[in-house]
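# Have a look at this fold, sequence not included:
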């Protein structure tokens, strides 16, 4: 009897060790593959941004870029592509992600940024990573549950390589796919994939993003209530951002049926807006504006204008992501709030950046990790207050329509939610 128990125990340990080793190898392979692809993407994005900033006339080609992007998606059979929403569905085991999504989003995002479209890059990275991860799963003929893990691994690796935040990248896919729970089965593979991709990207010359908060006041009643106001304001801004994005995309598709006309017309409109405003601040990702906000400089209307131009860009068919625009919106809004409230604008810009991101993605743990990796731990209490307030008060809005809302955010309501539909538990 004792020998049989010992044998069974040894058999289980061996099986667990083999499973662990399998996932370590696959996760590292994913980190290397996706990390290399994302590093090349980061280099191309840097080139596109510097070229646009040094060659002003290139923005006149934005309508042409829109036509080319639509053409590429049409000829590859991806005209109805749902972007990050499709990757989320794949992570939920509902569909597969074609390999052609990775080069398509790569080329189209670079074109968008080169010609001045207002979009981010991390959303594109999630799509590239999800596509590559899903196809690595096909290569190894993994089952449906393992395929979900591989999609998340790819997302973690791409986000980590591009932005240099491996802790946040490891948690983000686990948290964003299904709000209310973490898919812990994918934790270890995502951590290793994110770590390997981050180190590879750094080795290849992709510098991680970091910011410095100029002034962090001591914790006091005065500073706490002001941060609470900032957090509440960020929740409202997050809701507004989600609504502007969804409504604009819906209206553009309803009013302008032809995708070529829609993309070209939006390109002309975006160039006209830039000339009317007399600035290129709202073209591209806007990292330079975020840096100025961290120095305490932001225009009061900046966050609203960025919402509108990003909604037009992505709603019309240009490609990119929504994450860096949410950083832009949050940082500029927070900076202005700090100026109004008399609290460090630099601190409020940092708090606004992570709080708005939390509100539009429903990812509080990821938001805290982003705060620590981008800004350090000095303002931890302020980040915690603002992020939790934004998470709760932003309700069930989301940038991603396919994001599953499994449990309500409010503890006094015993409800379960799935994509906006509430069901009272028995």
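In hand now; what should we look at? In this text the structure is predicted, and so the values were computed from the model without any measurement.

# in the stretch 301-426 of the chain, which spans are helices?
Assigned helices in the stretch 301-426 of the chain, in chain order: 302-315, 323-341, 345-361, 364-375, 380-393 (criterion: DSSP state H, counting those that start in this stretch).

# and among these, the most buried is which?
helix 345-361 (a mean of 31; mean count of other C-beta atoms under 10 Å). Backbone N, C-alpha and C define where each C-beta goes, glycine included.

# and whatever helix or strand residue 227 lives in, which residues are buried?
For residue 227, the host element (DSSP states H and E) is helix 221-255. Neighbour-count burial for helix 221-255 flags 223, 226-227, 229-235, 237-242, 244-246, 248-249, 252 (criterion: 16 or more other C-beta atoms under 10 Å).

# Equivalent analysis for stretch 98-110, please.
So, applying 16+ other C-beta under 10 Å, buried residues of stretch 98-110: 98, 100, 101, 102, 104, 105, 106, 107, 108, 109, 110.

# Just the strands from this structure, written as ranges.
178-179, 404-405, 415-418, 421-424 (DSSP state E).

# least reliable of these going by mean pLDDT?
Per-segment mean pLDDT for the strands of the chain reaches its minimum on strand 421-424, at a mean of 39.

# Next one: residue 329 from residue 298, what distance?
11 Å (C-beta to C-beta, to the nearest Å).

# What's the per-residue pLDDT of the residue most central in space within the chain here?
In the chain, the C-alpha nearest the mean C-alpha coordinate belongs to residue 323, at 3.9 Å (C-alpha atoms, centre = their mean). At residue 323, the pLDDT value in this model is 91.

# go on, residue 337?
With respect to pLDDT, residue 337 scores 97.

# Over to residue 186?
pLDDT, residue 186: 88.

# quick one: it and residue 145 touch, right?
No - between residue 186 and residue 145 there is no contact under C-beta atoms under 8 Å: 9.7 Å.

# between those two, who's got more neighbours?
residue 186 (27 against 10; other C-beta atoms under 10 Å).

# Now do the more buried one against residue 237, distance only.
For residue 186, the distance to residue 237 - C-beta to C-beta - is 31 Å.

# Then residue 138?
Distance from residue 138 to residue 237, by C-beta to C-beta: 40 Å.

# Could you do residue 378 as well?
For residue 378 relative to residue 237 (C-beta to C-beta), the value is 24 Å.

# can you tell me how far residue 282 sits from residue 10?
Following C-beta to C-beta, the distance that separates residue 282 from residue 10 is 63 Å.

# Compare neighbour counts for those two and give me the winner.
Neighbour count, other C-beta under 10 Å: between residue 282 and residue 10, residue 282 has more, with 23 against 10.

# That one and residue 289: what is the separation?
8 Å.

# And residue 272, by the same measure?
Counting by C-beta to C-beta, the gap from residue 272 to residue 289 is 20 Å.

# Distance check, the residue nearest to residue 211 when sequence neighbours are not counted against residue 6.
With C-beta to C-beta, 6 or more residues apart in numbering as the criterion, residue 211 has its nearest non-adjacent residue at 4.9 Å, and that residue is residue 294. Relative to residue 6, residue 294 is positioned 60 Å away (C-beta to C-beta).

# quick one, which of these two is more surrounded?
Using other C-beta under 10 Å, the more surrounded residue of residue 294 and residue 6 is residue 294, with 24 against 10.

# show me where pLDDT drops low in this protein?
Judged by pLDDT under 70, the chain has its weakly predicted residues at 1-3, 7, 93-94, 406-407, 410-426.

# what residues are up against the residue nearest to the centre of the chain?
In this structure, residue 323 makes contact with 120, 121, 122, 123, 357, 361, judged by C-beta atoms under 8 Å, 6 or more residues apart in numbering.

# same deal with residue 350?
211, 213, 294, 331, 334, 371, 374, 375, 379, 383.

# longest helix in the chain, by residue count?
Using DSSP state H, we find that the single longest helix of the chain is helix 2-54.

# All good on my end, thank you.
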